[in-house]
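Visitor: Sequence and predicted structure below; questions after.
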Amino acid sequence: MKNNSKACCHTPKKSSSIKRGILYGLLPHSFCIAFAVFSILGVVGITSFFRNLLLTPNFFQILIGISIILALWSAIIYLYQCKCLSIEGIKKNIRYLSVLILSVVSVNLLLYLVVFPLTANINLRAKENINIVGQSNLSKITLKVLVPCSGHAPLIIDEVRKIKGVIDVKFRFPNLFDVTYSKEVTEDQILNSEIFKSFKAIKI
């Protein structure tokens with residue numbers, strides 16, 4: 001009994017729960033991060049692989065679910081190893097569990113609100129294209145796209161840019177895309193793009 005009490009009262013390292021929280025927070029967005037990185041680097045072959053994964057129905061929701069399950073499983077294993085798998089044990093380890101959950105939530109918010117919106121608009125080709133076409137021949141349309149999260153913004157931008165006549169695409173949080181295009185393409189052609197069969201888009 002004495003050893004069990006000591007184990008249950010043992011205070012885990014805060015850094016351990018933070019590291020686990022960061023890992024589980026990054027997991028749901030791992031493929032969005034990979035697609036954004038390789039898209040910026042211009043690695044076409046690899047981005048095609050991640051594109052197919054991001055287009056999988058409910059793929060994002062599945063990853064979120066896996067992340068939550070792993071976080072809960074990690075907490076259960078820790079409590080079991082400490083012989084604290086009980087209501088009383090949870091109360092004694094509430095600090096560890098709180099930091100774990102807070103870390104997961106914080107990483108998700110940081111990626112969703114800051115990192116993805118900033119990286120989505122990193123594009124060196126847009127200015128070159130605008131200079132070639134000339135400002136007088138350009139039009140603009142704003143689309144509201146039903147993406148699961150801002151991490152999918154680079155995917156939408158990359159696909160819309162492939163349309164002949166589209167000069168530039170800019171993302172605005174949470175799900176708005178400003179598309180600059182020339183007379184080579186119409187609004188209907190943009191709205192009927194293949195990517196919008198997976199993620200519905202409407203003109204606003």
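Guide: Cool, got the structure. Numbers count the residues shown, from 1 in each chain.

Visitor: Once you drop chain neighbours, what's closest to the residue nearest to the spatial centre of the chain?
Guide: Nearest to the geometric centre of the chain sits Gly151, at 3.2 Å (Cα atoms, centre = their mean). Distances taken as Cβ to Cβ, 6 or more residues apart in numbering place Cys32 nearest to Gly151, at 3.0 Å, with adjacent residues excluded. Placement of C-beta: from N, CA and C, glycine included.

Visitor: Report pLDDT for that neighbour.
Guide: If you check Cys32, the pLDDT there is 85.

Visitor: Where does pLDDT dip in the protein?
Guide: 1-14, 123-136 (pLDDT under 70).

Visitor: change it to 50
Guide: 1-2, 4-6, 124-128 (pLDDT under 50).

Visitor: Okay, helices next: where are they in it?
Guide: 2-9, 14-26, 30-41, 44-54, 59-81, 87-92, 94-110, 116-120, 125-133, 153-161, 187-191 (DSSP state H).

Visitor: Mind putting these into JSON lines with distance to Ser139?
Guide: Below are those laid out as JSON lines (distance: least, Cβ to Cβ, whole Å):
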{"stretch": "helix 2-9", "distance to Ser139": "67"}
{"stretch": "helix 14-26", "distance to Ser139": "39"}
{"stretch": "helix 30-41", "distance to Ser139": "25"}
{"stretch": "helix 44-54", "distance to Ser139": "27"}
{"stretch": "helix 59-81", "distance to Ser139": "32"}
{"stretch": "helix 87-92", "distance to Ser139": "59"}
{"stretch": "helix 94-110", "distance to Ser139": "35"}
{"stretch": "helix 116-120", "distance to Ser139": "22"}
{"stretch": "helix 125-133", "distance to Ser139": "11"}
{"stretch": "helix 153-161", "distance to Ser139": "14"}
{"stretch": "helix 187-191", "distance to Ser139": "8"}
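
Visitor: For these, state which one has the densest average packing.
Guide: helix 153-161 (a mean of 23; mean count of other Cβ atoms under 10 Å).

Visitor: between that helix and helix 44-54, how many degrees?
Guide: On the basis of axes from the mean of the first three to the mean of the last three Cα atoms, to 10 degrees, helix 153-161 is oriented at 110 degrees to helix 44-54.

Visitor: ok, back up a step: surely the residue nearest to the centre of the chain and Leu111 touch.
Guide: Yes. Counting by Cβ atoms under 8 Å, Gly151 touches Leu111, with 6.7 Å between them.

Visitor: Report the set of residues contacting both of those two.
Guide: Both Gly151 and Leu111 are contacted by 29, 33, under the criterion Cβ atoms under 8 Å, 6 or more residues apart in numbering.

Visitor: how close does the residue nearest to Gly151 sit to Phe38?
Guide: 11 Å (Cβ to Cβ, to the nearest Å).

Visitor: what do you get for Thr56?
Guide: Thr56 is 18 Å from Phe38, by Cβ to Cβ.

Visitor: Return the residues in contact with Val104.
Guide: 21, 24-25, 67, 71.
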